[in-house]
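Peer 1: for reference, the sequence and a predicted model appear below.
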Amino acid sequence: MTTPHSFPLAAALLLAGSAHAATLTIATLNNPDMITLKKLSPAFEAQNPGIKLNWVVLEENMLRQRVTTDIATKSGKFDLMTIGTYEAPIWAKKGWLQPMDQLAPGYELADVVKTARDALSYKGQLYALPFYVESSMTYYRKDLFAKLGLNMPERPTYQQIAGFAKTLKEKGGVYGICLRGKAGWGENMAYLSTLVHTNGGRWFDEQWRPTIDSPEWKQSLNFYVDLMRNYGPPGASTNGFNENLTLFASGKCGIWIDATVAAGLLFNPKESQVADKVGFAQAPTGVTPKGSSWLWSWALAVPQSSRQQAAAKQFAQWATSKDYIRLVAKDQGWTSVPPGTRLSTYQQPEYLKAAPFAKFVLAAIQQANPNDPALKKVPYTGIQYVGIPEFQSFGTVVGQAVSGALAGQSSVDAALKAGQAAADRAVRQGGYQKP
């Protein structure tokens, strides 16, 4: 039996002829799971004295900007990149990524959750190894719900959520609800896209005509702005995942709808002041359950421009292995292990005992379907994004317009008009619309 500090892949993947130390520059995300990876990575360096790690830790929007620029210009500054289910197939199609093939036998790729493997593949070939996988869900303060006589259903509707948020703000002594407001295609638009989809909307019709000026978008955005202005925290237009995590974990929010990956942090008494007070439910629905919760993975990928590809692949395997999960459990506790990646994690009695949300989260990840995100047919894949290269650009423009509407700098109608124009221009220039 291996221990977390005698990782078997290291022996299987020794770099041939590596007389000089290889320095890997890793671009990653400033969030708790990645900070834990950085903290524990000296264990990898100790097992692999020929490899040194150089970390570049960035906020989400900046990470996307830096790695996209680096890989598109082939500058080779990064040997390993933290990317997601959006980038992996697009960049693989462009030939920018090394395939994740010829993995060490001990890696056990079949143990990795299939929805994650599929989302990080292009034409059946895997191009990134999932570090963690998430869907979205509803967190709430079960102590306040009990005190105020509220009952959160297993699958709440958005109308119910609005009613709960009102009561929590008026009688619970907390902000009624916290939601992403920070502009960005992967920040506020990740959440807004699920709201639009569950309300029967979509980004584009089957002819790639944008529908951001549709009644479904208008209803969704008005609902969101009213909800946040009436019952959310002040300055919500600058709050992203990290800011809302801090607000909820410190006891200031009654409801938070966001990534399932936060569950491990909120239930960890070392990280959360409300660890014994957190309840959870499925992501809320509008007129349809389709698209109500997202599917995402932060994953490790090796760019073709890397000069240390073998070492980079070696570290990616270590960081996404069963042994790394055991290392986190030993060092941080089972609630802190990277969720959603390996079926074997969900067969660990210690994890199931420490993480009451475990099976719920796995079911949400396995049920989310990026290939069927909307009530009406769509030409794209993706729930909280549109799986085309242009989305980074126009998705961010829409995010900025929505954030401006939330901050009161523009009207909802003006935000939708700006978003419609940006999306229309992008798909026209991209040649998606047939004349």
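Peer 2: Happy to help now that I have it.

Peer 1: domain assignment for the protein?
Peer 2: As given by automatic domain parsing, the domain ranges for the chain are 8-133+296-355, 136-293+362-429.

Peer 1: show me the helices in the stretch 1-150 of the chain, by range?
Peer 2: Secondary structure of the stretch 1-150 of the chain by DSSP state H, counting those that start in this stretch: the helices cover 8-12, 32-40, 42-47, 60-73, 87-93, 114-119, 142-148.

Peer 1: quickly, which of the ones you listed bottoms out on average pLDDT?
Peer 2: Ranked by mean pLDDT, these bottom out at helix 8-12, which scores a mean of 44.

Peer 1: point to the residue nearest the middle of the protein.
Peer 2: Geometric centre of the chain, nearest residue: W296, 4.6 Å, by CA atoms, centre = their mean.

Peer 1: that residue and P370: what is the separation?
Peer 2: Per CB to CB, to the nearest Å, W296 is found 9 Å from P370. (Each C-beta comes from the backbone N, C-alpha and C, glycine too.)

Peer 1: rewinding a little: pick out the shakiest of the domains of the chain, pLDDT-wise.
Peer 2: Mean pLDDT is lowest for domain 8-133+296-355 out of the domains of the chain, coming in at a mean of 92.

Peer 1: coming back round to it: dump the helices of the stretch 1-150 of the chain into CSV; add mean neighbour count and distance to T335 as well.
Peer 2: Output for the helices of the stretch 1-150 of the chain, formatted as CSV (neighbours: other CB atoms under 10 Å; distance: least, CB to CB, whole Å):
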stretch, mean neighbour count, distance to T335
helix 8-12, 16, 25
helix 32-40, 18, 11
helix 42-47, 14, 20
helix 60-73, 18, 23
helix 87-93, 21, 28
helix 114-119, 20, 20
helix 142-148, 16, 17
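
Peer 1: closest to L416 out of these?
Peer 2: L416 sits nearest to helix 60-73 of all those, at 22.0 Å, using CB to CB.

Peer 1: now for that closest one, which elements pack on it?
Peer 2: In terms of contacts (3 or more CB pairs under 8 Å, 6 or more residues apart in numbering; DSSP states H and E), helix 60-73 is packed against strand 22-29, strand 80-83, helix 87-93.

Peer 1: so what touches it?
Peer 2: The contact list for helix 60-73 (CB atoms under 8 Å, 6 or more residues apart in numbering) reads 27-31, 56, 58, 75-78, 81-83, 87, 91, 96-97, 182, 184, 186-187, 240-241, 303, 305, 392.

Peer 1: what are the ranges of the helices in the stretch 201-350 of the chain?
Peer 2: Going by DSSP H, counting those that start in this stretch, the stretch 201-350 of the chain shows helices at 215-231, 241-249, 262-266, 309-319, 322-332, 349-354.

Peer 1: Provide a list of residues in contact with the residue nearest to the centre of the chain.
Peer 2: So W296 contacts G84, T85, V133, E134, S135, A190, A259, Q384 (CB under 8 Å, 6+ apart).

Peer 1: likewise for P289?
Peer 2: R155, T198.

Peer 1: mind doing that once more with 7 Å?
Peer 2: T198 (CB atoms under 7 Å, 6 or more residues apart in numbering).

Peer 1: L168 now?
Peer 2: L144, V174, G176, G254, I255.

Peer 1: of all the helices and strands packed on helix 60-73, which one is nearest F248?
Peer 2: F248 sits nearest to strand 22-29 of all the helices and strands packed on helix 60-73, at 19.1 Å, using CB to CB.

Peer 1: how about the closest one as CSV, C-alpha atoms only?
Peer 2: Output of strand 22-29 as CSV, limited to C-alpha atoms (Å, rounded to 0.1, in the frame of the first residue of the first chain):
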residue,chain,number,x,y,z
ALA,A,22,13.7,21.4,-14.7
THR,A,23,11.8,24.5,-13.5
LEU,A,24,8.1,24.3,-14.1
THR,A,25,6.2,27.6,-14.2
ILE,A,26,2.6,27.0,-13.2
ALA,A,27,-0.2,29.5,-13.8
THR,A,28,-3.1,28.9,-11.4
LEU,A,29,-6.1,30.4,-9.7
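
Peer 1: strands paired with that strand, and their directions?
Peer 2: Note on strand 22-29: by DSSP bridges, its sheet partners are strand 51-58 (parallel), strand 80-83 (parallel).

Peer 1: how far does it sit from its chain's centre?
Peer 2: 20 Å (CA atoms, centre = their mean, to the nearest Å).

Peer 1: tell me the buried residues in it?
Peer 2: Using 16 or more other CB atoms under 10 Å as the test for burial, strand 22-29 gives A22, L24, T25, I26, A27, T28, L29.

Peer 1: one more: stretch 406-421?
Peer 2: Here stretch 406-421 shows L406, A407, S410, V412, A415, L416, A418, G419, Q420, A421 as buried, counting by 16+ other CB under 10 Å.

Peer 1: you'd agree the second one is up against S237?
Peer 2: The one in question is A407. Yes. Counting by CB atoms under 7 Å, A407 does reach S237; the two are 4.0 Å apart.

Peer 1: distance-wise, check V67 relative to K313.
Peer 2: 17 Å.

Peer 1: next: T345.
Peer 2: On the measure of CB to CB, T345 and K313 end up 22 Å apart.

Peer 1: and P99, by the same measure?
Peer 2: Applying CB to CB to P99 and K313 gives a distance of 10 Å.
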